[in-house]
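>>> Take this sequence and fold it.
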Amino acid sequence: MNRFYTITFAAIVGAAVALGSSYYFYTMSMDKLMTIERLSERSKSDGDAHRVNVMIPTEASIDFVDAASNTVNAVVHVKTTYELDGGYYTYDPIRHFFFGDGLQQKRPRQGAGAGSGVIMSQDGYIVTNNHVIDGASAVEVTLNENRTYKAKVVGRDPSTDLAVLKIDGENLPHIEFGNSDQVQVGEWVLAVGNPFNLESTVTAGIVSAKGRDINILGNAPNGASAVESFIQTDAAVNPGNSGGALVNTRGELIGINAAIKSNTGSYTGYSFAIPVNIVTKVVEDILTFGTVQRGFLGVQIQNVNQELAERQDLDLISGVYVANALDMGAAKDAGIQNGDVITRVGDLEVKTVSELQEQVSKYRPGDEVLLRVNRGCEKLTIPLVLRNQYGEERLTSKKGMQIKDKLNALFVDADPEILRTLKLKSGAQVKEVGQGKLKSAGILPDFVITKVDDVAIKSADQLMKTLESKSGGILIEGYYPNGKRAYYGFGI
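Prediction:
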């Protein structure tokens, strides 16, 4: 009987343990399922709270899609061909023995390059970087829809790293222009181009800074200083993106991608674009005049910083300090003095040299601009008329600019006192001589030019018009102030 009770008790305890264990594991399972369900529901509603969010905000994605679709067809792939050498001759003695012609010229070796470009008009004008096509023997353009065209280089401007191409097309997709002066730091942008020959690539980022000078453009062959006032972004740009579009969320062109700053040659976080307001002016000049008509203030300048402000007793630590207002420059003739601080061009504030260069580069010789200047405690508004780098207010033809660049000299009407001393009625005086044809020929400053070939020279303007009508070798005749007569010959 005792054994019966023992077995019955053990059975009851076993059943209780089994039921308890089942309930425990069932409860644990249900808790786990409920936890999973709860986390899943929260994940659906909130997303993964521990994931770093580097995506574009949801409300902006539609704008980015529209901006990309409106831009990608207006960005082209630019392919270039270069001759690496001019060909060379080889001598084959066997051929010479049998055929009498053992000297053969090998074909030039060729290289290739690639970049991007932006269609600016329905009839096929395209803007790209000068460094993309510089030195190319042939340029080919491929549209996003895979049509290919041979392109002609219409004009180039090394000082802004821009070039204009032309293809024979009609009703081509093109891009709308924005206003780079209104671009804000922190604004979302897209970079569109063909990096590493990957066509029609779109990347996104924000504007990191404006007015960046990264010192990658050398001065132009004529000595004109480069204009570097880049829009800096963190949109990924790589080799092949050069010449492509930087657009805002409305799909408007705000810059032409031009450079990256990297120790590896590939993107490491920063890219730089030429502001579209500079681009449109350069393109318009090339198409209208055949060359860029760039206005100059005629000053040597530097950024204002705390050290300079303390040394020169300035009451501000931003702006552009005028170290030297050059003789015959627009600034000096308008009344700007050494030690002045330029703070505005028109209504736009300028805090750095690059920002000042950007604003002035949008004007031509002969254009009048207002400068806001701090002089001690005074705040002045000074109007001035810009000149070209040769001290002239008038626009110059493409041929005239080419000649000016070759001569690299400043001409003025001869000084009346010197004319009286030399017993001359008129002439054009060489005011300054840079590295060029005149200096190579041995012409020194103050030389008074009285004849070019058989043409009597009466003024500086007439001298330039006469030179523009010449080609090949010319003979210049004139006098130095000491009465020495001299003749110089050179080619133009």
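>>> what's the pLDDT at Asn305?
As summarised for this prediction, Asn305 has a pLDDT of 94.
>>> Distance check, it against Lys399.
Per C-beta to C-beta, to the nearest Å, Asn305 is found 43 Å from Lys399. Every residue, glycine included, has its C-beta placed from N, CA and C.
>>> can you give me the helices for the chain?
In the chain, the helices defined using DSSP state H lie at 2-46, 58-71, 93-99, 130-133, 276-289, 306-311, 330-334, 353-360, 398-407, 416-422, 437-441, 460-468.
>>> got the angle between the fifth one and helix 353-360?
For the pair helix 276-289 and helix 353-360, the angle between their directions (axes from the mean of the first three to the mean of the last three C-alpha atoms, to 10 degrees) equals 40 degrees.
>>> and Ser242, how many neighbours does it have?
A total of 27 residues lie near Ser242 under the criterion other C-beta atoms under 10 Å.
>>> Quick check, Val72 in contact with Asn144.
Yes: the pair Val72 and Asn144 qualifies as a contact (C-beta atoms under 8 Å) at a distance of 5.8 Å.
>>> where do the contact lists of the two overlap?
Here Val72 and Asn144 have Ser200 as joint contacts, going by C-beta atoms under 8 Å, 6 or more residues apart in numbering.
>>> which outside residues touch stretch 397-405?
Contact partners of stretch 397-405, identified using C-beta under 8 Å, 6+ apart, comprise Pro221, Asn222, Phe289, Gly290, Thr291, Tyr390, Thr396, Gly436, Met464, Leu467, Glu468, Ile492.
>>> Can you mark which positions in it are buried?
Buried residues in stretch 397-405, counted by 16 or more other C-beta atoms under 10 Å: Gly400, Met401, Gln402, Ile403, Lys404, Asp405.
>>> which one among these gets closest to Gly186?
Minimum distance to Gly186 across these is 40.1 Å, recorded for Met401 (C-beta to C-beta).
>>> separation between the closest one and Gly434?
Met401 is 15 Å from Gly434, where distance means C-beta to C-beta.
>>> what about the residue nearest to Phe230 when sequence neighbours are not counted, neighbour count?
Spatially, and ignoring its direct neighbours in sequence, Phe230 is nearest to Phe272 (3.8 Å; C-beta to C-beta, 6 or more residues apart in numbering). When neighbours are counted by other C-beta under 10 Å, Phe272 registers 24.
>>> now swap in Glu477 and tell me
The burial count assigned to Glu477 is 17, neighbours taken as other C-beta under 10 Å.
>>> who does it bridge with?
With DSSP bridges as the criterion, the beta-bridge partners of Glu477 are Lys451, Tyr487.
>>> Quick one: residues contacting it.
Residues touching Glu477, when contacts are defined by C-beta under 8 Å, 6+ apart, comprise Ile449, Thr450, Lys451, Val452, Arg485, Ala486, Tyr487.
>>> for Tyr479, same thing?
Counting by C-beta under 8 Å, 6+ apart, Tyr479 touches Leu422, Leu424, Gly427, Phe447, Val448, Thr450, Arg485, Ala486.
>>> can you do 6 Å?
Tyr479 makes contacts with Leu422, Val448, Arg485, as judged by C-beta atoms under 6 Å, 6 or more residues apart in numbering.
>>> Among those residues, which one is most surrounded by other residues?
Most neighbours among those, by other C-beta under 10 Å: Val448, with 22 neighbours.
>>> Excluding residues flanking it in the chain, which one is nearest the residue nearest the centre of the chain?
Nearest to the centroid of the C-alpha atoms of the chain, with distances taken as C-alpha atoms, centre = their mean, sits Ile274, at 3.8 Å. Spatially, and ignoring its direct neighbours in sequence, Ile274 is nearest to Ile256 (4.7 Å; C-beta to C-beta, 6+ apart).
>>> May I have the beta-bridge partners of the one you found?
Under DSSP bridges, the beta-bridge partners of Ile256 are Ala245, Ile274.
>>> what about it, how many residues close to it?
Other residues within reach of Ile256, judged by other C-beta under 10 Å, total 28.
>>> Can you tell me how far it is from Leu463?
Taking C-beta to C-beta as the criterion, Ile256 is separated from Leu463 by 38 Å.
>>> again with Glu284
For Glu284, the distance to Leu463 under the criterion C-beta to C-beta works out to 29 Å.
>>> So which of these two has more stuff around it?
Neighbour count, other C-beta under 10 Å: between Glu284 and Leu463, Leu463 has more, with 21 against 14.
>>> isn't the more buried one right up against Ile457?
Yes: between Leu463 and Ile457 a contact is recorded at 5.1 Å, counting by C-beta atoms under 6 Å.
>>> joint contacts of these two?
Overlap between the contact sets of Leu463 and Ile457, as judged by C-beta under 6 Å, 6+ apart, is given by Ala428.
>>> any idea how this protein splits into domains?
As given by automatic domain parsing, the domain ranges for the chain are 55-292, 299-385, 398-491.
>>> Would you single out the least confident of the ones you listed?
Within the domains of the chain, the stretch with the lowest mean pLDDT is domain 55-292, showing a mean of 88.
>>> quick one: that domain to chain centroid distance?
With C-alpha atoms, centre = their mean, to the nearest Å as the basis, domain 55-292 stands 10 Å off its chain's centre.
>>> contacting residues around Lys152?
Lys166.
>>> any idea how far Tyr125 is from it?
Between Lys152 and Tyr125 the distance, using C-beta to C-beta, works out to 10 Å.
>>> which residues do the two both contact?
Here Lys152 and Tyr125 have Lys166 as joint contacts, going by C-beta under 6 Å, 6+ apart.
>>> Report the separation between Thr80 and Ile286.
Separation of Thr80 from Ile286 (C-beta to C-beta) stands at 19 Å.
>>> Please read the previous query as pertaining to Gly329.
25 Å.
>>> In contact with Tyr480: list those residues for me.
Under the criterion of C-beta under 6 Å, 6+ apart, the neighbours of Tyr480 are Phe447.
>>> Provide the backbone phi and psi angles at it.
Tyr480 has phi and psi values of phi -90, psi 160 when expressed as degrees, to the nearest 10.
>>> Distance check, it against Val448.
Distance of Tyr480 to Val448, computed by C-beta to C-beta: 7 Å.
>>> Could you do Tyr487 as well?
From Tyr487 to Val448 the distance is 13 Å (C-beta to C-beta).
>>> same thing with Glu284?
Counting by C-beta to C-beta, the gap between Glu284 and Val448 amounts to 38 Å.
>>> residues making contact with stretch 136-146?
Applying C-beta under 6 Å, 6+ apart, the set of residues contacting stretch 136-146 is 72-73, 76-83, 133, 148-151, 167, 200.
>>> Of those, just the buried ones, PyMOL syntax please.
To isolate the buried members of these in PyMOL, using 16+ other C-beta under 10 Å:
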select buried, resi 72+73+76+77+78+79+80+82+133+149+151+167+200
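>>> Just the contacts of stretch 136-146: which are in strands?
Cross-referencing these against strands under DSSP state E gives Val76, His77, Val78, Lys79, Thr80, Thr81, Tyr82, Glu83, Thr148, Tyr149, Lys150, Ala151.
>>> and the two most separated of the residues you listed?
When C-beta to C-beta is used, the two most widely separated members of these are Val76 and Glu83, lying 23.4 Å apart.
>>> Hmm, Val304 is touching Gly319, no?
Yes: under the criterion of C-beta under 6 Å, Val304 makes contact with Gly319 at 4.7 Å.
>>> neighbour-wise, which of those two wins?
Here Val304 and Gly319 are set side by side on neighbour count (other C-beta under 10 Å), and the busier one is Gly319, at 26 against 23.
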